[in-house]
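> sharing a sequence plus its predicted fold:
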Amino acid sequence: MSSSTVITNIAALVTNDPSLGDSSPLGLIQDAAVVIEGDRVTWTGEASKAPATDNRVDAGGRAVLPGFVDSHSHLVFAGDRTQEFNARMSGRAYSAGGIRTTVAATRAASDAELAANLTHYLAEALRQGTTTFETKSGYGLTVEDEARALRIAAEHTDEVTYLGAHIVSPDYADDPAAYVALVTGEMLDACAPHARWIDVFCEKGAFDGDQARAILTAGKAKGLHPRIHANQLSYGPGVQLAVELDAASADHCTHLTDADVDALANGDTVATLLPGAEFSTRAEWPDARQLLDAGVTVALSTDCNPGSSFTSSVPFCIALAVRDMGMTPDEAVWSATAGGAAALRRTDIGRLAPGARADLTLLDAPSHVHLAYRPGVPLVSGVWRSGVRVV
């Protein structure tokens, strides 16, 4: 039998279970404890009522919350786009074409180089409290390069997304229809065994609504579940297509009509907001307040990628969401944990209640509110993943 451990003397425990604690969406318990056995949470409640365990960890009057669930990242890549970022901060507008720079570098990299880069950024994210992450292909855009990206990613996470439809490959610049045929044919056949999800960048300069529909429908036929880059740079059909196809998540959601918001509110698709992208491109912020007030489920994620959002820090994104997107600290923390889990259609993560996976983040602060109150401060002082302390 596995040993049991109680983490006690927790000033504030975020469970994301409204049946616990203060009955809020965060299920906040003051003066709390949580018991772990194996890779699962077996008990949460007031510290004074905690059962006997084999081991004891003193949280020292600090806050504990679920490990962050980063449901949108692009971590299988090579190269650097410092010059592009510097130019953009000097006045040049961002467009989807910058992806081609990373495509060239990624194609030229070895498997070992891509794996080393991936593990570097995963370790960086883990130190900041991320215990679950999704990542995509999309920087190879050939059958071989997309498949190898997914094979490498699958060695590190179950949440792997086939994104052959990131942009039209430079090799098919004069024949986008032929590239869509490749993405939905030979490339899909090679990539589907390594992925859970299929994604498409539905945007001017990438793929239009009809192309996106064909790509996602082909993926569904191969057993992949859709997600979609939608309405980032302009208004478009992406969000409503996501709801129509029962996509788990519509990501970015920066330019939304009232009809788009209504569609999300009446469907099962999560709106995943990626404030690092707006920060790094000086773009318009998504209106999280409008979405939340309409009853849409919202997730927060980093969109970590070398071009438009080169951050692996969920705490940074929480602070941005509170400061610039109209979210309260409670809403932002929920969206970065339970919201991310919903965007991956997972019920075992993003919460700290009996039966959940024991993914916990310990803050060097008495409250989760400090994630927004003290932006830029490295507050994560401990991380447990599947019941094992890893930070």
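Looks like it arrived, so ask away.
> could you pull out the strands in the stretch 251-391 of the chain for me?
For the stretch 251-391 of the chain, the strands defined by DSSP state E, counting those that start in this stretch occupy 270-273, 298-300, 360-363, 380-385, 388-389.
> figure out which of the ones you listed is closest to residue 169.
Between residue 169 and these, the shortest separation by Cβ to Cβ is 25.3 Å, and it involves strand 270-273. For the C-beta atoms, the positions are set from N, CA and C on the backbone; glycine is no exception.
> could you give me the average pLDDT of the closest one?
For strand 270-273, mean pLDDT rounds to 98.
> buried residues in that strand, which are they?
Residues of strand 270-273 classed as buried: 270-273 (neighbour count, 16 or more other Cβ atoms under 10 Å).
> which of those lies closest to residue 342?
residue 270 (5.1 Å).
> can I assume the closest one is in contact with residue 343?
Yes: contact criterion Cβ atoms under 8 Å: residue 270 and residue 343 qualify, at 4.2 Å.
> which neighbours do those two share?
Shared contacts of residue 270 and residue 343 (Cβ atoms under 8 Å, 6 or more residues apart in numbering): 248-249, 299.
> for whatever helix or strand residue 181 lives in, enumerate the helices and strands it packs against.
Per DSSP states H and E: residue 181 is located in helix 176-183. Packing partners of helix 176-183 (3 or more Cβ pairs under 8 Å, 6 or more residues apart in numbering; DSSP states H and E): strand 160-165, helix 209-221.
> buried ones in the last one, by neighbour count?
For helix 209-221, the neighbour count (16+ other Cβ under 10 Å) marks 211-216, 218-219 as buried.
> quick one on the thing from earlier: and the helices and strands packed on helix 176-183 as CSV, adding distance to residue 53?
Listed next are the helices and strands packed on helix 176-183 as CSV, based on distance: least, Cβ to Cβ, whole Å:
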stretch, distance to residue 53
strand 160-165, 35
helix 209-221, 45
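> quick one, which of the ones you listed gets closest to residue 109.
Nearest of these (Cβ to Cβ): strand 160-165, 17.2 Å.
> follow-up on the earlier one: ok, the shared contacts of residue 270 and residue 343 vs residue 59, which is closest?
Closest approach to residue 59 among the shared contacts of residue 270 and residue 343 (Cβ to Cβ): residue 299, at 26.7 Å.
> spatially central residue in this structure, please.
residue 71 (2.1 Å; Cα atoms, centre = their mean).
> now the terminal residues of stretch 27-41, how far apart.
Terminal residues of stretch 27-41 are spaced 15 Å apart (Cα to Cα, to the nearest Å).
> centre of the chain versus that stretch, how much separation?
24 Å (Cα atoms, centre = their mean, to the nearest Å).
> in it, what's buried?
Judged by neighbour count (16+ other Cβ under 10 Å), stretch 27-41 contains these buried residues: 27-29, 32-37, 39-41.
> and the two most separated of those residues?
Taking Cβ to Cβ as the measure, those span a maximum distance of 24.0 Å, between 28 and 39.
> in the stretch 1-150 of the chain, where is pLDDT below threshold?
For the stretch 1-150 of the chain, the stretches flagged by pLDDT under 70 are 1, 93-97.
> ok, which stretches of it are strands?
Under DSSP E, counting those that start in this stretch, the stretch 1-150 of the chain gives strands at 4-13, 29-37, 40-46, 55-66, 68-70, 130-133, 135-136.
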